[in-house]
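[1] with the sequence up front, the predicted model follows.
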Amino acid sequence: MNVPHFMLKEIHQQPDVIRHQLDRTISIGIPDRINILACGTSLNAGLIGQFLFEQIAQIPTQVRSSSESLSAPLLETPNTITIAITQSGETADTIAALQQVQSKRVAITNGIDSTITRFADHTIYTNAGEEKSVAATKTFTSQIVLFYKLAFQIAHENQKLSDREFASHLESLKQIPQQMEKLLNENTIVELAQTLKETRDLIILGSGINTAIALEGALKLKEATYTHAEGYAAGEFLHGPIALLDAEIPTLAIVTEDDSRIQKTIDRIRAHGNHVIEITAKSVPELFSPFLAVVALQLLAYHLATLRGIDVDRPRNIAKSLTT
Ligand code: F6R
């Protein structure tokens, strides 16, 4: 594909990145607790992992930023599995955080033979291919697809998912690349970027599993477009932050097929005369909607950045990974 920037190329590679993971069977056993350590976009992927491990596999799961865990380590039981998730495998804080851990250590990384693998008992590669743009896109998708597969596998092994449910979830995952391709071929996000060209502050709301996508979308918009974007859980937004809104601050809301929870917040925002733009991901079951919602927000970040003349593959002040 002939595209002007690595970020756009990598966004478009995501359907294939998922396809490559579909036939893998990954098993880490059945722990009584899972701890996840990560930074930045990988931390947001970790929040998706937490949701899936708890809601699908029913394993208590904690996520902590690697740097925070250095001073406040997560509690471990004898049968805890700690997952360090890092695209590069070279993030200093995540490597240091994993080294502190006593329990079984699993590294999830895209960096073949990267430093993190030396401190892990077991490494799972995300196989997304090299990611050149500083803003992580396809590596995020490759991380979350692994979390879906791991959570489904654990849930099947510990009988929280029946054979039929397990097969049906895997089948839903198989539909995602095609749905993503449809979204990638639409022009609506370019039009949305044009309407947001002058916007300096933006709120992104999600609910349930998409709260992590609201955070990830806000991170993409901050780093690629220098917009002050904040992600919130929709219900929580009503408890104070809604006071921020005025005519200058639009809200993006991730709306899924089960939109009752977020709808209440959208209605309240509109009742105050403020503007809500709905990002709809209704063509797949809510559980799988993060794959579409995140692509929409990645595309928005990309197009907004290029409209603003930002060197999107190399935004100011940041490096691809913090190795010191
Ligand atoms: C965001 C981004 C950073 C990284 C973070 C962790 O687009 O690229 O937030 O996600 O620095 O990097 P890894 O995953 O290599 O540990």
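    Nice, I can see it.
[2] near the ligand, which residues of this structure show up?
    Within the chain, the positions near the ligand by Cβ under 6 Å from any ligand atom are 39-42, 86-88, 91, 94, 135-136, 219, 223, 321-322. C-beta: built from backbone N, CA, C; applies to glycine.
[3] flag every buried residue along whatever helix or strand Gln179 lives in.
    Gln179 belongs to helix 163-184 when assigned by DSSP states H and E. For helix 163-184, burial by neighbour count (16 or more other Cβ atoms under 10 Å) applies to Phe166, His169, Leu170, Leu173, Ile176, Pro177, Gln179, Met180, Leu183, Leu184.
[4] restricting to C-alpha, output the helix or strand just after that helix in CSV.
    Using DSSP H and E, the helix or strand that follows helix 163-184 in sequence is helix 188-195. C-alpha atoms of helix 188-195 as CSV (Å, rounded to 0.1, in the frame of the first residue of the first chain):
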residue,chain,number,x,y,z
THR,A,188,-16.2,9.8,7.7
ILE,A,189,-13.2,10.2,9.9
VAL,A,190,-11.4,12.5,7.5
GLU,A,191,-14.6,14.7,7.6
LEU,A,192,-14.7,14.6,11.4
ALA,A,193,-11.0,15.6,11.6
GLN,A,194,-11.8,18.7,9.4
THR,A,195,-14.5,19.8,11.9
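[5] which strands and helices lie in contact with the helix or strand just after helix 188-195?
    Going down the chain from helix 188-195, the next helix or strand is strand 201-206, by DSSP H and E. Using 3 or more Cβ pairs under 8 Å, 6 or more residues apart in numbering; DSSP states H and E, the elements in contact with strand 201-206 are helix 211-225, strand 228-233, helix 234-237, strand 251-256, helix 260-271.
[6] quick check: buried residues in strand 201-206?
    Across strand 201-206, burial judged by 16+ other Cβ under 10 Å covers Leu202, Ile203, Ile204, Leu205, Gly206.
[7] then stretch 64-74?
    Residues of stretch 64-74 classed as buried by neighbour count (16+ other Cβ under 10 Å): Arg64, Ser65, Ser66, Ser67, Ser69, Pro73, Leu74.
[8] residues in contact with that stretch?
    Residues from elsewhere that reach stretch 64-74 (Cβ atoms under 8 Å, 6 or more residues apart in numbering): 35-39, 43, 62, 82, 84, 91, 93-94, 96-98, 100-101.
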